[in-house]
Structure formats: structure tokens, C-alpha cells
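Chemist: what would the 3D arrangement of this be:
(chains A and B)
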Amino acid sequence: MSGMLTLGSLDPAFEAAARVEGEPVVLDLRPVSFVEPAGICGLAALLEFLVPRCEEVDLALSGRDVPAYLERMDFFRHFGGRVKTNADLASLEERQRHNPGTLQELINFHTEEEIPGIIHRISEILENQGYRVRERVAICSVLSEICANAAEHGRSSFGAYAAVQAYHHVVSGTGRRGEEVLIAIADGGPGVRETLSHNPKYAEHTTTDNDALRHAMMMGVSGTGELGRGGGLALVAQISGRAGGSLSLRSGTGRVTAYEDRKNSRNVPFFPGTFVRVSLPRLAQEPPEKSSR
Amino acid sequence: MTEDRSRLVYEVAGGDFGGKLMVTRSTGRAVREALGEALEGLPKDGTLYVDTRGVELMDYSFADEALGVLVSRVAGGEYGDRRLVLVEEDRDMLENIEASLRQRSLAMIRVDEVGGEPGIVGTVPDHLVDTLEEIRTAGSITNADLAKKLGVNHTACNNRATRLAKLGLIHRKVETAAPGGRQYTYERIA
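Modeler: Numbers count the residues shown, from 1 in each chain, chains lettered A, B, ... in the order given. All right, here's what the predicted structure looks like:
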């Protein structure tokens, strides 16, 4: 486990979780010093996978920053009663919860009907933090489309988890200071390849998980084949690409990341479901009406 | 909603569906049903102006379900000769409506405001664009006069205008012409 908790850093844990047969498990997160939305959503998906398979899950954390961040992100609200931890949660609950960079705490949802409420809330937060209409629209459009995909195609016992966080730093690939909004969502559904394989038209594009993921990002590609379907993900890729960011899709043993001008594919360890990570940079040359952090 | 005989303006943000933020297919379905009811309540050649200017966010799923499906049904003749016009400014939100209509090979007439200059959102086959423009400029024109302006024969002209009428972009009226013939007249809808 590296210092940063991402979905990739949890790969060995997912592999090990598949071999668990009821014994107690300790998930050692002590080397983790930083958690991004992808990490917290990945951790939530891992625990949903792991908890039903073992007698007890113990979450080992170190220091105060990571437990405090997990607490602020509502992680323990979802999992506090289902895992044990060495962190002193009582003292964390007394800390100030406000964190202007947090645009959406870890949220669990199951149906499309829950999505408008999620979008209204984040839109209000973005407006209060001085995000312009165009920026709010980009962030909310991305979040609503990927949430809708998870609710429709990623049905599972636990539904899906999403989180959104804004960071101030040097935006990768630009060398300029700015802000980056990271959106992550993980579901426990059948995955992109199986969903697309319901449509015989895409038989040639579902040979591997990476084939399916690349194809799923194209306009009009959907498992149902209904006219008008399959546009959301393509538009998410366009929005993130135009902003200089990326859309990363992970499902099964595939991972495809789309930038404005290219797509990169990698074979990765198996992920049971679908994972989406979107980066939306916001360069400092266009300052917000009010700093968000 | 405001009414002027066969014209009705439906303000999407004014309904009880999502206010400024229109997301998801289920919200889109609810709005489409409301728009469908408004269309059915119009006279048989009436025009419904769908005013989305108060909407701040419309995601693709909503746009496709509320407008893409409805435009498809209008083009399919489900609402007779009733027509739809989008009232929306030229802004980013149009991208999702455009993407939905393009996927469906459909188009809508768009105006910045009721009574404003009409434009197109979606896709109209290249060979029909000039025909639509001539009808828009004329306001109302017979097949014979339109054929003359386009420099095509009457049958070709009628075929083009019929296609535009089926897409829901113009009105097409049939009048009896002596002796025992029929004359087609085409009218802009906005």
C-alpha cells in the first residue's frame, strides 16, 4: 500500500479478498497518508465485497489526518458499524467538519430517483463557493450521467458509492497552479463488458474488457441498443477532455483513460463492478469569484 | 404557460419537475408527459414553444428523454400536425439537446425568444437546408413557387417539403385547386 489511497493501490486487497473464506481480515491502511475520492470509493467497494465474506474486518489506520478525512467524508457513517478500527472515532466526531474542498462526501445510492437530490446539493455547494455557471454545469452534468449509469447498469446489493473533492495544486500536464475537481464512483454491478454484451451488435467489441470500455465511450453505444441511449458517457469524455482533464473507466480486468486527444488502455487486476474517475481541472488563469479552498 | 390561440409557451423550469436543474431520464419522462399533454391540448396545427431558458443544467439523459423522444414522436405523426419549437439561447446547454437529436437524425426549430429569428438544433439533411430557408424567408409559399425558387421540378420540391413536414419543421397544407387538382402550401412554424 502506497502513501496515496487510490483504486490501484487497493488492487492487492481486492485480489486477496477474492480468496477470503470467512476468516477475520485486517485491512492495513497504516502507510496511507492521503486519500482521494477514487480511493475512498474503491475502499467502500472493497468493504462491500469483503464484509459479507468474512467474520470480521479490522481497518488499521495511522495518525490523525487520514482517519479525520475519512470521518469528514462520512466514511464511518456508512461503515462504522460494519468494520472495526483502531482510530478513535469519538474524538474525530468532535472536530470541525467543514472542509470547503469537499464537494460531495461519500454517498451511497441505489436508484435514479436519488440522483436529482445529489445534484441539487452539490450545485448549491458549488454556487456558494463561487463556481461559475459553466463550471457548475460541467461538474453536475458529469456527476449526474455517471450516477445514472451506475443506477441503471450497475445494480448490486450495495448500489454505488460516489465522492467529489476539489484540490488546489499544480494541474498535471499544464505546469500552472489551479484547481482540480475529482469525481469518483464505484458500483458492484455486472461490469461494462457484460452490459454491452447484451447487445449482439457489439459482439466484436466485447472480446476483452478494454475493448468494451473503449467502445462504451463512443456516442450511441449502449447495452439496450435503444435509439438515443449511450450518449452520456461520450459527453462526459468530451466535457473532461475539453477541460484538459480525463475520464478513466475501470471494469473487469480493463482500464481505459480518455483524454481530449487520445485514449490509453491497460490490463489491470480484476475489479468486481465498474469504477469511474473524472478529472476536471480549473486553471488559475480563470479565477473563481471566490476561492473554494 | 402563456397562450396565444394556436401557440402555447411551456416554461420547463416553471414546472414541478426539477426547477433549474434537469437531470435523469425519469425527470425527462415526467417533463415529456407534461409537454405531450400540452401538445394534445393545442388545435390540430398548433405550435408548442418549449422554453428552457430558465433551466441552468440539462444533462444528456434528460435532454434525450424529454426532447429527443418527444421530437421523435412528433416526427412520427403521433401529435398530428402539431409542432414543437425550442426557445433557448445559444449556450452550452444546447450541446446535449443537439447530441440527442443528432443521434436520432432529427431536428427542432430554435428561437432565442418567441417571435425571434429561427435557427436549427439537431441535424437536417444538407439538401433540405435550402428548402427550409426558402420557406422560412417566405413565411408561406406554394409548391409551384418554391420549386421555381429552388430550381427543381414540382415532384422533387414536394418530396423535400414533405420530408421537412415529417420532421416537424414546417406545416404542409393541401388545398383544392381547380380543376380537381391539389395545391400544396408550406408554412414556417416560427
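Chemist: so residue A:182, which state does it fall into?
Modeler: The three-state assignment at residue A:182 reads strand, by DSSP: H, G, I helix; E, B strand; the rest coil.
Chemist: next, count neighbours for it.
Modeler: Close neighbours of residue A:182, defined as other Cβ atoms under 10 Å in any protein chain shown, add up to 19. From N, CA and C alone the C-beta is placed, and that goes for glycine too.
Chemist: right, and it touches residue A:169 too?
Modeler: No. Residue A:182 is beyond contact range of residue A:169, at 11.0 Å (criterion: Cβ atoms under 8 Å).
Chemist: surely residue A:12 is within a strand?
Modeler: No. Counting by three-state DSSP, one finds residue A:12 to be helix, located in no strand.
Chemist: so which residues make contact with stretch A:195-203?
Modeler: Here stretch A:195-203 makes contact (Cβ atoms under 8 Å, 6 or more residues apart in numbering or on different chains) with A:153, A:189, A:205-206, A:212, A:215-216, A:221-225.
Chemist: what's the answer for stretch B:141-149, then?
Modeler: B:131, B:134-135, B:138, B:153-154, B:156-158, B:161, B:183-186.
Chemist: the closest residue to residue A:210 other than its chain neighbours bridge partners, please.
Modeler: Leaving aside its sequence neighbours, residue A:210 sits nearest to residue A:254 (Cβ to Cβ, 6 or more residues apart in numbering or on different chains; 3.8 Å). In this entry, residue A:254 is beta-bridged to residue A:251, residue A:267, by DSSP bridges.
Chemist: contacting residues for residue A:254?
Modeler: So residue A:254 contacts A:192-193, A:208-213, A:265-268 (Cβ under 8 Å, 6+ apart).
Chemist: ok, of those, which come out buried?
Modeler: Applying 16 or more other Cβ atoms under 10 Å in any protein chain shown to those, the neighbour count classes A:192-193, A:209-213, A:268 as buried.
Chemist: so which of those residues are in strands?
Modeler: residue A:268 (DSSP state E).
Chemist: nearest to chain B among the buried ones among the contacts of residue A:254?
Modeler: residue A:192 (17.3 Å; Cβ to the nearest Cβ).
Chemist: ok, the residue nearest to the closest one when sequence neighbours are not counted - contacts?
Modeler: What sits nearest to residue A:192 in space, not counting adjacent residues and going by Cβ to Cβ, 6+ apart, is residue A:251, at 4.2 Å. Counting by Cβ under 8 Å, 6+ apart, residue A:251 makes contact with A:191-193, A:209, A:212-213, A:271, A:273-275.
Chemist: for the residue nearest to residue A:113 when sequence neighbours are not counted, what are its contacts?
Modeler: In space, and not counting its chain neighbours, residue A:113 is closest to residue B:26: 6.2 Å by Cβ to Cβ, 6+ apart. Going by Cβ under 8 Å, 6+ apart, residue B:26 touches A:112-113, B:65.
Chemist: dihedrals phi and psi, residue B:26?
Modeler: phi -70, psi -40 (degrees, to the nearest 10).
Chemist: tell me the pLDDT at it?
Modeler: The score at residue B:26 is 95. That number is its pLDDT.
Chemist: any weak-confidence spans in chain B?
Modeler: Low-confidence segments of chain B (pLDDT under 70): B:1-5.
Chemist: try it again with 90
Modeler: Applying pLDDT under 90 to chain B flags residues B:1-7, B:14-19, B:44-45, B:90, B:92-93, B:126-127, B:175-183, B:190.
Chemist: so which bits of it are right by chain A?
Modeler: Residues of chain B lying close to chain A (Cβ under 8 Å from any Cβ of the partner chain) are B:18, B:21, B:23-27, B:56-57, B:59-61, B:64-65, B:68-69, B:72, B:92-93, B:95-96, B:99-100, B:103-104.
Chemist: may I see the PyMOL selection of the buried members of these?
Modeler: Selection of buried members from the residues of chain B next to chain A for PyMOL, criterion 16+ other Cβ under 10 Å:
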select buried, chain B and resi 18+21+23+24+25+26+27+56+57+59+60+61+64+65+68+69+72+93+95+96+99+100+103+104
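Chemist: among the residues of chain B next to chain A, name the ones in helices.
Modeler: Here DSSP state H is the test, and these give B:25-27, B:60-61, B:69, B:72, B:95-96, B:99-100, B:103 as lying in helices.
Chemist: most widely separated two among the residues you listed?
Modeler: B:26 and B:95 (21.6 Å; Cβ to Cβ).
Chemist: and the worst-scoring helix or strand of chain A on mean pLDDT, which residues are buried?
Modeler: Sorted by mean pLDDT, DSSP states H and E, the helices and strands of chain A end with helix A:89-93, the least confident at a mean of 78. Residues residue A:92 are the ones in helix A:89-93 that count as buried (16+ other Cβ under 10 Å).
Chemist: any idea how far it is from the chain center?
Modeler: Put simply, helix A:89-93 sits 25 Å off its chain's centre (Cα atoms, centre = their mean, to the nearest Å).
Chemist: please apply the same query to stretch A:127-143.
Modeler: The answer for stretch A:127-143 is 18 Å, by Cα atoms, centre = their mean.
Chemist: about what we covered before: can you list the ones in helices among the residues of chain B next to chain A in JSON lines and add distance to residue A:148?
Modeler: As requested, those are exported to JSON lines (distance: Cβ to Cβ, whole Å):
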{"residue": "B:25", "distance to residue A:148": "7"}
{"residue": "B:26", "distance to residue A:148": "9"}
{"residue": "B:27", "distance to residue A:148": "10"}
{"residue": "B:60", "distance to residue A:148": "9"}
{"residue": "B:61", "distance to residue A:148": "5"}
{"residue": "B:69", "distance to residue A:148": "16"}
{"residue": "B:72", "distance to residue A:148": "20"}
{"residue": "B:95", "distance to residue A:148": "17"}
{"residue": "B:96", "distance to residue A:148": "13"}
{"residue": "B:99", "distance to residue A:148": "15"}
{"residue": "B:100", "distance to residue A:148": "14"}
{"residue": "B:103", "distance to residue A:148": "16"}
